[in-house]
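Student: Have a look at this prediction, sequence included:
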Amino acid sequence: MFDRIQLQTIFGTIFILVITAVVIVYGLNERDRMEEYEQAQQGRAIEAGASLFEAQCSRCHGTQGTGIPGLCPPLNDRYFFDQRLKEVGWNGTLEDYIVSTATSGRLTSTRPDQYPGQGVPAMPSFSQQVGGPLRDDQIRNIAAFIMNWEETASVIQEVPTPEGPLAGTDVSKTLPEGDPQNGEVLAQSFACTTCHIDAPTGPYWLASDTEPAIGERSDTRYTESDYKGEASTAEEYLYESVVNPSIHLVSGFSDGLMPNNYGSTLTEQDMADIIAYLLTLK
Amino acid sequence: MFKSINIKDLRQRIWDSVDHRVRAITAGMGLNELRAVMRGDPPTEKPNPRYKVHTTSFLFHIRPRYYEAGSTILTNTFRLGFFAVFFLAVETITGLILMVYYVPSPEKAYTSILHLMSNVPFGQLVRDLHRLGAEGMVIFTFLHMLRTYLTGSYKKERSFTWLTGVILLGITLFLSFSGYLLPWDQLAYWAVTIGTSMAEAAPIFGNEVNLLLRGAPDIGSNGLLRFYLMHIVLLPFLIVLVLSIHYYKVSREHGISLPPRLEEGDIPPETKKAAKKRIDFLPDLLTGEVFWTSIGLFLMILSVTIFGYHAPLETIADPQVTPLDTKAPWYFWWLQGMLKLGDKSLMGIILPTVIVIVLIAVPYIDRNPHRTLTRRPFAVGIGLLSVFVLIALSYMGLPAYGIETDAATRIVQDLVPEEGTGPLRSVEFEQLQPGVYVVNETPARNLCPNLDYGCPELDTVFEQYTDRINIAAAEGKLDNVEAVMLIDDWQQDLKKVTYRIGWDDEEGERKTYEHAVFIHRNRGGE
C-alpha cells in the first residue's frame, strides 16, 4: 500500500511528534526537578561540611559545636545565631560571617576573657588562599553544616564562676574528699569529654584496644623513666595533667591543645571530684 | 487600459518569476521539479535537475548523487557510519549550548555544572544528551570500523578511506577523553590524571608530552584550559577536516561497497542489475536520512527522559584524595588492563603505537582479493580474536581485577562507596535509627522495634555487613574480628553512620579500620 519512502515519511513524522510531546512533558517537571536538585546539593554540602568540621573544627569548637569553655566559643548556640552579628557589627549574612572567619581566622580573640582561643593567632586561617589547608568550596560546605544548627541551637550556659578556694597549680596540695559522680557531671560541663571521649583529640579516657583506661594508666605513668612532671602518686599525676598540661606530653599529642588555665577556673573541690571520677575509669 | 492585461499571460509571468527564484534557491530545481520530488515522481526535465544540485549547491556538493541499491540494504551497513555522524551532530549542537554555561577554571567549573543542573531549564537534559552522544559516537565509530573490516570494504581503492577512518577513531577517542575532564569532579580529575600519566611513560619525550598536556606537573587551571580548548577547538576542527575527506571518498568517489554476496561468485545477471540500480539522493536517500535521524533522536530522548540515563557527576575534584577505585573511561579500560600486564613504556605507549600502525596497514597487509567472510577465514579469525582480546583486556582493566584491597576497607567501601549511592545511602532516612549494632551479637532481624513498620532496608544492609564480615573471617582475612555499625543523630536531618572493624593481622597485632559517613535527608540518589 505504501512504498518505503512513504513509510519512512509517516514514521519519521510520528517519531518527531512523540519526541516533541515527551520533551514538553519533561519540561513541565523541570521546575520541580531543579528545586529538588538544589535541595540535594544543599544536603550533600552539609554532609561534606560535617566531615570537614569533624576533622578541622571539632578539636576546638567541640564535635557538636558546643565549644570549649575558656578556649573556643560555641557555634551550636542560640546566641551565635541570634546575637553574634550585632555584637561584631557584621553587615552580611551569618553564613558569610562564618565563611569569612574560617577563611582568614582570627589574629586575636574578640572575647579574650571568655574565649582566648589558642593564643596568637587565636584561630588559624583555613583557606588555601591564605596558607590554610582547605579550598574555598570546602569552607562553604563547613558553613552550610554550621548553619544547619540554626533551627535547633539551644542556649549554652556559661560555666559559673568558681566558689571556694581555687585549685591552683601546686599539685602536692592536699585536696578534700572527691565525689566521683559529681566529677562525671563536671567532666561533661567543662567539656573535657568532648576531646577525651567523643573525639580522639586528647588521650582517650576509656580503655581501647591498645591501652587501658585513664584510671589504670595514671597508676603507672608517673613511674615511667621518660616522665617529666613532679607527681608522685596517681592523684597528683591527674591533678598535674589538668592544671599544667604542658609539663609532660603523652606521645602522639602536641602541646597547646589543652587549655592551661584550669587551675584558675576549677575549685579544689571540683578538682578532687574530677580526679575521683577519673580514678573510677578502669 | 485593462484590455492590455492578459490574465493568462500574467499568471504565466508570475509563475516564471517565482520559478526563477526557486531555481536560484534550490540550485537548479524548479517548482514543478520540487513538486515531483515531494510526490516521489520521476524527474520532470532533462538533464536530471536533481543531479545538477550536486554540482551547483555547496551543501549538496559533498552528498552522493546516488548509491547503488545493493549497498543501501540495511544489513550491509546497519547505518553505523551514519549514526557516528549523527552523534557528532548531536555533540556539536548540545556542546554549543553547554558552552554558554560552562566556565573552564578549577574554581568555577564544578559550580557551573551544578548551576546548569539546578538553575537552567533543560540543563540536565542537554548535559545527558551530550554525554550519551559521546558514548554513542565512540561505540558506533568502533562498530562501523568492525563492520568495514568484516565485509572487507577497506580493500583496493578504498584503502585510503580506511586510513582516514582510523584517524577518525583516534580523534573520536581523544574528543571524548578531553571532554571527560571538564566537569572537574573526582571521576574526571583522576581518570585524566591516569590517562596523561601514560603519556609520561613514552620514551625520551614522555615528560615533555605530559607537561604539554597538563600545563604543569599536576592538572590545574592550565591543564583544564588546555583540555577545554582541545575539546572545543582543536579536535572538532580536525574531525571536521578528516571526516570531510573520509566522507567525500565515500559519497563522491567510490560509493558504499556492495555486500560481498552481490559482488563475488556466480550471480545471476538480473540480481546483479538490481543491485547496481541507482537510488538517487533526492528524494530517497535524503528521506531515509531524516527518518534515521528521527529514530536516533527518539531513542536518545527516551533514554534520558524515561529510561533514566544520566551523565555522572561525582564530588568536586580533590587532588589530595585519591579515590579507592579509580578507573579510566570505559573505552580505555583495555589500555589499563595492558598496563597491569607489564612495563609502563612497553604496554602504555609502544604496544598501542604498534596496534595503531597495524590498523592503518591492514589494507596493505591483507592482499587477499576476496571479500566474502568464508573466503578470508584468516582475516576474520584475527578480527574476532582481536575483539575478544579487547574485551578480556577491558575486564582486566577494571579495579576489581588484580588489585587487592584489604578486606575491611573493601567491605565498608562496598556498603558506603566514596562516590555514588551504595546500599547504606539507599536506606530510607527514617529507617536509620540511632544505635549500636554489633555484628553477630545484635540479631540481624528487626533492628528497630520502636518503628511501626520496622526498618527492613536497614535490616538488609546490616545483614549484608554481617555476611561480608563472616565470609571474610571464614576466609581467614579477618581473624578474631569485632565489627560494629553505629548510627548517631548528628544534626537536624543529618545522621552519622560509623563502621568500625577490629581484627588481628598476620603478626597478631590488633588493627582497627574506622570509617564514618554523614547522610542528609535530602541528599537524593544519583
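Tutor: It's in.
Student: give me the number of residues near residue 240?
Tutor: Using chain A here. By the measure other Cβ atoms under 10 Å in any protein chain shown, the count of residues near A:Glu240 is 20. No exception for glycine: its C-beta is placed from N, CA and C like everyone else's.
Student: Sorry, I should have been clearer: chain B.
Tutor: With other Cβ under 10 Å as criterion, B:Val240 counts 12.
Student: I'd like the average pLDDT over whichever helix or strand it is part of.
Tutor: Here B:Val240, judged by DSSP states H and E, is contained in helix B:235-248. On average, the pLDDT along helix B:235-248 is 97.
Student: same for that helix, what does it pack against?
Tutor: helix B:80-101, helix B:159-181 (3 or more Cβ pairs under 8 Å, 6 or more residues apart in numbering or on different chains; DSSP states H and E).
Student: could those go into TSV alongside mean pLDDT, mean neighbour count and distance to B:Phe291?
Tutor: Below are the helices and strands packed on helix B:235-248 laid out as TSV (pLDDT from 0 to 100; neighbours: other Cβ atoms under 10 Å in any protein chain shown; distance: least, Cβ to Cβ, whole Å):
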stretch	mean pLDDT	mean neighbour count	distance to B:Phe291
helix B:80-101	97	18	11
helix B:159-181	95	21	24
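Student: Residues of the stretch 51-200 of chain A that sit close to chain B?
Tutor: A:51, A:54, A:135-137, A:145, A:148-149, A:151-152 (Cβ under 8 Å from any Cβ of the partner chain).
Student: What helix or strand is the residue nearest the centre of chain B located in?
Tutor: Taking Cα atoms, centre = their mean, the centroid of chain B lies closest to B:Glu135, which sits 1.2 Å from it. If you go by DSSP H and E, B:Glu135 is part of helix B:123-150.
Student: That helix to helix B:235-248, inter-axis angle?
Tutor: Interaxial angle of helix B:123-150 relative to helix B:235-248 (axes from the mean of the first three to the mean of the last three Cα atoms, to 10 degrees): 40 degrees.
Student: What mean pLDDT does helix B:123-150 get?
Tutor: Here the average pLDDT along helix B:123-150 is 96.
Student: hmm, which helix or strand of chain A has the shakiest average pLDDT?
Tutor: Ranked by mean pLDDT, DSSP states H and E, the helix or strand of chain A with the weakest confidence is helix A:192-193, at a mean of 80.
Student: And for that helix, what's in contact with it?
Tutor: Where contact means Cβ atoms under 8 Å, 6 or more residues apart in numbering or on different chains, the residues beyond helix A:192-193 that reach it are A:187, A:205, A:274.
Student: Out of the residues you listed, the closest to chain B would be?
Tutor: A:Trp205 (17.5 Å; Cβ to the nearest Cβ).
Student: just for chain B, where's the confidence low?
Tutor: By pLDDT under 70, the low-scoring segments of chain B are B:1-4, B:444, B:525-526.
Student: in it, which spans are strands?
Tutor: When secondary structure is read from DSSP state E, chain B shows strands at B:66-68, B:278-280, B:435-438, B:479-491, B:494-504, B:510-520.
Student: Of all those, which one is nearest chain A?
Tutor: Using Cβ to the nearest Cβ, the nearest of those to chain A is strand B:510-520, at 3.5 Å.
Student: now the strands of chain B in CSV, with mean neighbour count and distance to A:Thr174?
Tutor: Below are the strands of chain B laid out as CSV (neighbours: other Cβ atoms under 10 Å in any protein chain shown; distance: least, Cβ to Cβ, whole Å):
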stretch, mean neighbour count, distance to A:Thr174
strand B:66-68, 19, 107
strand B:278-280, 15, 110
strand B:435-438, 16, 42
strand B:479-491, 18, 42
strand B:494-504, 20, 42
strand B:510-520, 18, 41
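Student: Would you format those strands as a markdown table with distance to chain A included?
Tutor: Putting the strands of chain B into a markdown table (distance: least, Cβ to the nearest Cβ, whole Å) gives the following:
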| stretch | distance to chain A |
| --- | --- |
| strand B:66-68 | 14 |
| strand B:278-280 | 10 |
| strand B:435-438 | 14 |
| strand B:479-491 | 5 |
| strand B:494-504 | 6 |
| strand B:510-520 | 4 |
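Student: returning to what we had before: among the contacts of helix A:192-193, which are located in helices?
Tutor: Mapping these onto helices (DSSP state H) picks out A:187, A:274.
Student: Just list the residues touching the residue nearest to B:Arg510 when sequence neighbours are not counted, thanks.
Tutor: Here the nearest residue to B:Arg510 in space, its sequence neighbours aside, is A:Asp209; by Cβ to Cβ, 6 or more residues apart in numbering or on different chains that works out to 4.8 Å. Residues counted as contacts of A:Asp209 (Cβ under 8 Å, 6+ apart) are B:502, B:510, B:512.
Student: mind checking the SS state of A:Asp209?
Tutor: coil (DSSP: H, G, I helix; E, B strand; the rest coil).
Student: coming back round to it: state the next helix or strand along the chain beyond the least confident helix or strand of chain A.
Tutor: Criterion used, DSSP H and E; the element after helix A:192-193 is helix A:214-221.
Student: what element comes up after that next one heading to the C-terminus?
Tutor: Next along the chain after helix A:214-221, taking DSSP H and E as the criterion, comes helix A:234-243.
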